[in-house]
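Visitor: Here is a sequence together with a model predicted from it:
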Amino acid sequence: MRPLDLLAHAYTPLLGLADRVDEDQGWTPTHLPGWAVRDLLLHLAGDAQRALVALGTPSDQPVDTDEVGYWSAWSPGTAGAQAGRRGTRIMASAWTSVRGPADLYAETARAVLVLAAAADPSGVVGTQGRTLTVGSLLHTLAVEAAIHHLDLEPVLPAAPAPPVLAEVRRVLDGLLGQPAPAEWDDVRYLRVGTGRLPLRPDERAALGGLADRFPLFG
């Protein structure tokens, strides 16, 4: 599947939520501790803004990562991750209505899809101190969208599209260094792989020494 099509599959349900979310839904807790739907929508808007900047700023530096290696620097539970979560919560509290972050996300994400459609997938861009191809960037955006889609399960119960979940699985397998146990479905793998859920004892036993590498990123 083309990177642009993958990203469109990942963004479509999030855009649908952003278009219809109301105040009650905006205060619904997500699966990210301390964040309500409105907080996560603001985070998604920030990620879309970062994508716009990357797509609009070609790099003349050599590629130093791809859609798998990009995630190796991100770990849940660190001081930086916790500070970022608090900062987003503070900024989201400045909006008097959930429509603020929801509309910001919707218009920015749609702009990302337009700009991505006009970009050369083999072109090189920079983001967060790394350089990668446009195609790889779109893959990372789809993965992040899928992860947060599941974080929004209380108001967005349908799972991400199968191709998007398959891409997350490919990234997790790449970080793990081998395929995860076949009996893990994509959703379970995403949640344990990103630290949303802990490994069960039987899962640890199946993984052996690889269990200590979880979460793989988050």
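Guide: All right, it came through fine. This structure is a prediction, so every number in the text was calculated from the model and none was measured.
Visitor: Only alpha carbons, please: show stretch 150-164 as CSV.
Guide: Taking Å, rounded to 0.1, in the frame of the first residue of the first chain, the C-alpha atoms of stretch 150-164 are listed here in CSV:
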residue,chain,number,x,y,z
LEU,A,150,-6.8,2.7,20.3
ASP,A,151,-6.2,5.2,23.2
LEU,A,152,-9.5,6.8,22.2
GLU,A,153,-11.4,3.5,22.4
PRO,A,154,-13.9,4.9,24.9
VAL,A,155,-15.3,7.2,22.2
LEU,A,156,-13.9,5.4,19.1
PRO,A,157,-14.6,1.7,19.7
ALA,A,158,-13.9,0.4,16.1
ALA,A,159,-10.3,-0.7,15.7
PRO,A,160,-8.0,0.9,13.1
ALA,A,161,-8.1,-0.4,9.6
PRO,A,162,-6.3,-3.8,9.1
PRO,A,163,-3.6,-2.4,6.9
VAL,A,164,-2.8,0.2,9.5
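Visitor: Name the residues of it that are buried.
Guide: 150, 151, 152, 155, 156, 159, 160, 161, 164 (16 or more other CB atoms under 10 Å). Placement of C-beta: from N, CA and C, glycine included.
Visitor: List just the nearest of those to residue 211.
Guide: Nearest to residue 211 among the buried residues of stretch 150-164: residue 150, at 21.5 Å, using CB to CB.
Visitor: so the closest one sits in a helix?
Guide: Yes - membership of residue 150 in a helix is supported by DSSP: H, G, I helix; E, B strand; the rest coil.
Visitor: now it: how far from residue 125?
Guide: 27 Å (CB to CB, to the nearest Å).
Visitor: ok, the buried residues of stretch 150-164 vs residue 84, which is closest?
Guide: Distances from residue 84 to the buried residues of stretch 150-164, taken by CB to CB, are shortest for residue 151, at 14.5 Å.
Visitor: what about the closest residue to residue 154 other than its chain neighbours, how many neighbours?
Guide: Nearest residue to residue 154, sequence neighbours excluded (CB to CB, 6 or more residues apart in numbering): residue 28, at 5.1 Å. As a burial measure, residue 28 scores 15 neighbours (other CB atoms under 10 Å).
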